[in-house]
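>>> build me a model:
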Amino acid sequence: MEVLLWILAALLPSVCLGVTFDEDFVDATTVQEERECHGTSVGFGYSGTLELHYQQLRKRYVGCTYVHGNLEITNLDDSVLTYELDFLDSIKYVSGYVLIGLSTQVERIPLMSLEVIRGNHTYRIQGEEYALVVALTSRDTTPVMGLRHLHMPKLKEISRGKVMFSQNPLLSHMGTVAWDIITRGRPDSMYLSDEKAFSFKDEVCPVVCKVDEDLSLCWGEEPNLCQDVVVGYCNETCGWRCYGPEADNCCHPDCAVGCTGPGPQECLVCKDYMLDEECVGYCPAKTYPKMQTCVRF
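Model prediction:
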């Protein structure tokens, strides 16, 4: 456990880190054609055969950008099947939790567009509430097959809930991600079960992923897998979301990820919904929610 704490302490500097965004990042005022799909709440369970389970997973999420509910990627465990998971690339937002587990026959899970895990619903384990769980992705004690790469380079925020890694001995580059930024600096937000929570081998980030002289952040070895951050300061009252260093430079409470100013119309991403280009916590009377937008009757 001391090794785990040392690795995390070495990874995360004492200053707050601010998030910087790619040019193609979608802000709260951008209107795009997107598709909502409904997630699941069965945990590690499934019905029918493993092949049918995979086909249903694929059908549910092909073309999906907004998951209303939970994203459960589980039971990819049939050595006969060929699992193609690129259909997950389109998912940008999950309103509930993300559960990845019992997926011993895949080496890579690509969530390349995922920006926010809201955590409106969490996965409860031994009294703790988790918004991201990655567990049991290799079958044997000395595995040669199992999950090696979890690619979420655009993930900017887990709004509520903790993060758990357990029994993923082959999974690389989880120790080169600054999880404190993603979880908004919440205390005790990361749970690592043991030395097999993920691979603790020395892992190298691409040169382009260097944040400063002593810190590189990435989700893998490819240049497109950098965790795009810049060193900056937020006042401790701002919960790691600010547009400047002063105590009154905090983002509006209805913002996720970050902001360019103090107002609800200056959020980079809305935490809940957008109404008339302004972020709101709920859809008021005479409107109804559609994905993250309040639509007027």
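
>>> which strands border the longest strand along the chain, and is each parallel or antiparallel?
For the chain, the strand with the greatest residue count under DSSP state E is strand 128-135. Strand 128-135 pairs in its sheet with strand 98-101 (parallel), strand 123-125 (antiparallel), strand 162-166 (parallel), by DSSP bridges.

>>> mean confidence score for whatever helix or strand comes next after it?
Beyond strand 128-135 in the direction of the C-terminus, DSSP states H and E gives the next helix or strand as strand 149-151. Mean per-residue pLDDT for strand 149-151: 97.

>>> compute the number of surrounding residues for the closest residue in space to I117 that isn't next to it in sequence.
Leaving aside its chain neighbours, I117 sits nearest to I158 (4.6 Å; criterion: CB to CB, 6 or more residues apart in numbering). For the C-beta atoms, the positions are set from N, CA and C on the backbone; glycine is no exception. Using other CB atoms under 10 Å, I158 has 25 neighbouring residues.

>>> oh, and call the first residue 773 from now on, that's how I've got it
Yes, from this point I'll number from 773; that puts the last item at I930.

>>> tell me if I'm right that I930 and E887 touch.
No. With contacts counted by CB atoms under 8 Å, I930 stays clear of E887, the gap being 10.8 Å.

>>> now find how far off-centre the longest strand of the chain is within its chain.
In terms of CA atoms, centre = their mean, to the nearest Å, the centre of strand 900-907 is found 11 Å from the chain centre.

>>> just the strands in the stretch 823-972 of the chain please.
Counting by DSSP state E, counting those that start in this stretch, the stretch 823-972 of the chain has strands at residues 838-840, 843-846, 865-866, 870-873, 880-882, 888-889, 895-897, 900-907, 921-923, 929-930, 934-938, 962-964.

>>> so for C1051, which of these sits nearest?
strand 888-889 (12.5 Å; CB to CB).

>>> nearest to Q828, of the strands of the stretch 823-972 of the chain?
Closest to Q828 of those, according to CB to CB: strand 843-846, at 11.2 Å.

>>> then the closest one to CSV, C-alphas only?
Output of strand 843-846 as CSV, limited to C-alpha atoms (Å, rounded to 0.1, in the frame of the first residue of the first chain):
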residue,chain,number,x,y,z
LEU,A,843,-22.7,2.2,-19.1
GLU,A,844,-21.9,-1.4,-18.2
ILE,A,845,-19.3,-3.2,-20.3
THR,A,846,-19.1,-6.6,-18.8
